[in-house]
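Trainee: just the structure for this:
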Amino acid sequence: MFPFWTPVIAPVLTAAGARNVVEIGALRGDNTRQIIEHLGPGSVLHVIDPVPGFDPTAHEREFPGRYVFHQALSLDVLGDLPPMDAALVDGDHNWHTVYHELGLLRQVARDAGAPLPVLVLHDVGWPYGRRDLYYDPDTIPAEHRQPHRRAGMRPGRRDLLPEGEGMSQDLCNAEVEGGPRNGVRTALDDFVAEHDRPLRTVVLPLYFGLAIVVEEERLARQPALAAALDRVEGPDGLRRLLELGELLRVRAMAHHHTVARRARDHQARLAARYLDGVTRELSVGRHASDAGLRELRRALDALDPTVVGDVVVVGDGVAAEGAVACAHVLAHDLDRTVRIVEASPTGVEPVRNLLAELDLAAVPVEVVAADDALGAPAPAGPGHALVYVATEPEGGLRQLVDRLVGEVAPDGGVVAGAAAAGAAPRH
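Mentor: Numbering: from 1, shown residues only. The predicted structure is shown next:
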């Protein structure tokens with residue numbers, strides 16, 4: 001609700017002459033401070049939140065007599081408060097809670113002969129407009145709880161997503177979107193349908209959706225409030241909302257880019273650590289020289305991940321080199337096949353055994369002898385992303401290397417290891 005403060009909420013509260021306000025759901029207290037500062041002397045702000053993300057005593061000391069904090073569930077508090085001029089509803093986003101919050105606010109006002117408070121509700125759009133969220137399912141009566149589980153959501157899909165996908169994966173979300181008694185907007189719709197006096201409802205489909213609800217009788221008595229709602233829905237108000245929407249979009253993208261970059265950097269560090277371990281194990285086991293394996297790693301690291309094609313390791317006794325290539329694909333989660341071509345048929349089985357020993361057999365990999373590779377047709381596809389010639393090719397292996405070099409993709413590369421310096425050019 002915080003982003004709506006300046007263009008929408010503050011002008012509406014001012015026009016309503018609000019002096020007694022309740023905020024349901026305070027999160028980190030960002031909105032709380034600007035509300036109480038805006039209301040000014042002589043006003044009282046009641047704040048309800050069972051699990052505040054801030055220290056309410058700091059506000060109590062700063063605004064003595066004007067700030068009352070209730071660390072409890074809203075439905076346990078609202079019936080005991082005095083009538084409110086306005087209510088900002090942004091707490092537990094489910095039908096049961098919101099419907100009964102609105103009912104209690106109305107009942108308190110009626111009992112005191114006061115008008116219905118100006119109602120400002122957040123999350124009337126996707127995802128919780130038509131889907132319940134339960135921060136603590138045990139606080140919701142069983143008959144009002146939708147079937148739910150901790151899983152994510154995405155727009156346009158009514159059911160929840162598989163594990164690891166979508167928005168709000170760690171929260172208890174209703175299994176299915178839509179239907180009766182499901183979601184904040186549904187609670188508001190039901191309240192409006194049952195209300196016995198005409199209401200004006202303004203819904204802003206931005207930043208999870210904001211709704212403002214005021215009795216028409218009050219608007220007739222307070223033309224400034226009606227004018228404030230007209231401005232919100234008018235061309236200038238909509239232009240300001242477009243500007244707000246773009247600002248929120250850009251901020252979200254900037255945050256996403258920051259998080260994604262940190263995740264990539266973290267993944268790169270983990271991949272390097274894993275590959276260091278594999279290389280060290282292969283070197284200590286004398287499967288290959290440490291220098292040769294690190295040379296292969298440099299070639300693999302330099303390969304642009306967007307280049308389509310497989311990685312080919314060819315030579316005599318290249319089990320270790322093939323293992324490093326497979327480990328690189330695994331560590332960086334690449335969509336590549338590794339082709340390991342051994343000079344002799346007797347070298348094929350040691351390669352397979354080493355891959356199994358290092359838990360690399362799940363990587364898309366083909367292990368063949370040079371004669372079999374030479375006699376087989378060229379593989380279908382865009383070509384080879386990288387051909388690494390580990391040892392000096394002789395006889396039929398030389399013929400195979402020449403063919404492999406000719407099959408390299410336009411943006412791919414060929415690298416000759418130190419033991420095969422004359423086999424093929426580096427590029």
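Trainee: so which residues make contact with stretch 211-228?
Mentor: Residues outside stretch 211-228 that contact it (C-beta atoms under 8 Å, 6 or more residues apart in numbering): 8, 11-12, 14-17, 115-116, 118-121, 124, 185, 188, 192, 197-204, 229, 232. Quick note: C-beta positions are derived from backbone N, CA and C, even for glycine.
Trainee: end to end, how far does it reach?
Mentor: 14 Å (C-alpha to C-alpha, to the nearest Å).
Trainee: avg pLDDT for it?
Mentor: If you average the pLDDT over stretch 211-228, you get 97.
Trainee: buried sites along it?
Mentor: Going by neighbour count (16 or more other C-beta atoms under 10 Å), the buried part of stretch 211-228 is 211-215, 218-219, 222, 225-226, 228.
Trainee: would you mind putting those into TSV with distance to Asp310 and secondary structure alongside?
Mentor: Converted to TSV, these look like this (distance: C-beta to C-beta, whole Å; DSSP: H, G, I helix; E, B strand; the rest coil):
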residue	distance to Asp310	secondary structure
Ala211	55	strand
Ile212	59	strand
Val213	61	strand
Val214	66	strand
Glu215	70	strand
Arg218	71	helix
Leu219	70	helix
Gln222	72	coil
Leu225	68	helix
Ala226	69	helix
Ala228	65	helix
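Trainee: and the residues you listed, which two are furthest apart?
Mentor: Ala211 and Gln222 (18.8 Å; C-beta to C-beta).
Trainee: tell me which residues touch the residue lying closest to Val89 once chain neighbours are set aside, please.
Mentor: Excluding its sequence neighbours, the residue lying closest to Val89 (C-beta to C-beta, 6 or more residues apart in numbering) is Leu121, at 4.5 Å. Listed by C-beta under 8 Å, 6+ apart, the contact partners of Leu121 are 89-90, 98, 184, 188, 210-213.
Trainee: of these, closest to Asp411?
Mentor: Comparing these against Asp411 with C-beta to C-beta places Leu210 closest, at 49.2 Å.
Trainee: quick check: the gap between the closest one and Glu101.
Mentor: 16 Å (C-beta to C-beta, to the nearest Å).
Trainee: one more: Pro7?
Mentor: 25 Å.
Trainee: so which of the two has more stuff around it?
Mentor: Between Pro7 and Glu101, counted using other C-beta atoms under 10 Å, Glu101 has the larger neighbour count: 25 against 18.
Trainee: for the more buried one, which non-adjacent residue is closest in space?
Mentor: Closest residue to Glu101 apart from its sequence neighbours, by C-beta to C-beta, 6+ apart: Ser74 at 5.4 Å.
Trainee: ok now do that neighbour, which residues does it touch?
Mentor: Remark: with contacts taken as C-beta under 8 Å, 6+ apart, Ser74 is in contact with 24-25, 48, 91-92, 97, 101.
Trainee: return the subset of those lying in strands.
Mentor: Assigned to strands by DSSP state E, the following of the contacts of Ser74 qualify: 24, 48.
Trainee: partner strands of the helix or strand containing the residue nearest to Val89, parallel or antiparallel?
Mentor: Per DSSP states H and E: Leu121 is located in strand 118-122. In the sheet, strand 118-122 lines up against strand 86-89 (parallel), strand 210-215 (antiparallel) (DSSP bridges).
Trainee: could the contacts of Ser74 be laid out in a markdown table, adding distance to Leu354 and pLDDT?
Mentor: Compiled in a markdown table, the contacts of Ser74 are given as follows (distance: C-beta to C-beta, whole Å; pLDDT from 0 to 100):
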| residue | distance to Leu354 | pLDDT |
| --- | --- | --- |
| Ile24 | 62 | 96 |
| Gly25 | 58 | 94 |
| Ile48 | 63 | 96 |
| Gly91 | 59 | 94 |
| Asp92 | 56 | 95 |
| Thr97 | 59 | 98 |
| Glu101 | 65 | 98 |
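Trainee: quick check, nearest of the contacts of Ser74 to Ala151?
Mentor: Lowest distance from Ala151 to those (C-beta to C-beta) belongs to Asp92, with 18.5 Å.
Trainee: that closest one against Leu133, yeah?
Mentor: Yes - applying C-beta atoms under 8 Å, one finds Asp92 in contact with Leu133, separated by 7.3 Å.
Trainee: which residues sit in contact with Leu206?
Mentor: Leu206 touches 125, 241, 244-245, 248, counting by C-beta under 8 Å, 6+ apart.
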